[in-house]
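S.K.: Provided below are the primary sequence and the corresponding predicted coordinates.
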Amino acid sequence: MFNKQPDSALNPHFIFNSMNAIRYTIFEDQEKASELLSELAHLLRYKLSDGKIATSIAEELSHITQYLSLEKLRLEERINITLKGTEIGNDFKLPCSILLPIVEKLLHEKDVYSVFENTLSLVCTKIDSGLLFSLCLEQSPKLKQGNINFSNELTPLDGIVKYQLNQELTPNSYKMELKLDKL
């Protein structure tokens with residue numbers, strides 16, 4: 001249902017795997033399962049909000065945080081996640097669900113699900129009149145090589161903000177920086 005739409009951020013595998021992971025968490029920690037179920041519901045509401053065109057960077061980062069906490073539940077000890085700059089204010093507007101699909105695509109393209117050791121760092125900082133959104137993924141024993149084509153995910157930014165994407169690869173790490181500036 002979700003990944004057949006070009007602007008979708010959540011694919012069915014993510015939804016079903018998250019629900020299954022929450023199901024098993026119920027037996028271990030009911031309070032945590034309730035919190036994760038609430039995060040999944042917020043993500044689904046965000047993707048299904050009809051007519052909403054723009055969002056603040058703070059709201060987008062909040063949904064990325066929810067998404068990553070669900071992925072952490074699914075991947076357990078196979079991933080460590082660090083988030084910095086998620087408290088950025090509401091003054092920078094973006095089209096809805098721009099950054100979330102980038103994060104999801106990175107996890108899928110670099111196949112974090114079949115790698116035992118993943119470390120993901122997400123940093124968002126204010127720069128001049130814009131923002132710098134950085135993702136760094138380190139994997140062991142070896143990272144799947146190649147840059148990621150984010151053209152479909154970035155197309156909604158055309159004519160709304162100026163952006164510049166840089167990618168850097170080493171044998172064990174991938175770094176993506178997306179600089180966003182107001183027009």
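M.R.: The structure has been received and is ready for your questions. Numbering: from 1, shown residues only.
S.K.: quick one, strands of the chain?
M.R.: 54-56, 79-84, 93-95, 117-127, 130-140, 161-169, 173-182 (DSSP state E).
S.K.: CSV please, covering these and showing mean neighbour count, mean pLDDT and distance to Phe27.
M.R.: C-beta coordinates here come from the backbone N, C-alpha and C atoms, glycine included. Formatted as CSV, the strands of the chain follow (neighbours: other Cβ atoms under 10 Å; pLDDT from 0 to 100; distance: least, Cβ to Cβ, whole Å):
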stretch, mean neighbour count, mean pLDDT, distance to Phe27
strand 54-56, 16, 81, 35
strand 79-84, 14, 92, 22
strand 93-95, 18, 81, 39
strand 117-127, 17, 93, 26
strand 130-140, 19, 93, 30
strand 161-169, 14, 94, 41
strand 173-182, 18, 93, 35
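S.K.: For Ser38, grab the count of nearby residues.
M.R.: 11 (other Cβ atoms under 10 Å).
S.K.: which ones are touching it?
M.R.: Ser38 makes contact with no residue under the criterion Cβ atoms under 8 Å, 6 or more residues apart in numbering.
S.K.: Show me where the chain dips below the pLDDT cut-off.
M.R.: Low-confidence segments of the chain, defined by pLDDT under 70: 1-10, 49-52, 89-90.
S.K.: So for stretch 157-164, first residue to last residue, what's the gap.
M.R.: 11 Å (Cα to Cα, to the nearest Å).
S.K.: Contacts for it, please.
M.R.: For stretch 157-164, contacts defined as Cβ under 8 Å, 6+ apart pick out 94-95, 98, 130, 154, 178-183.
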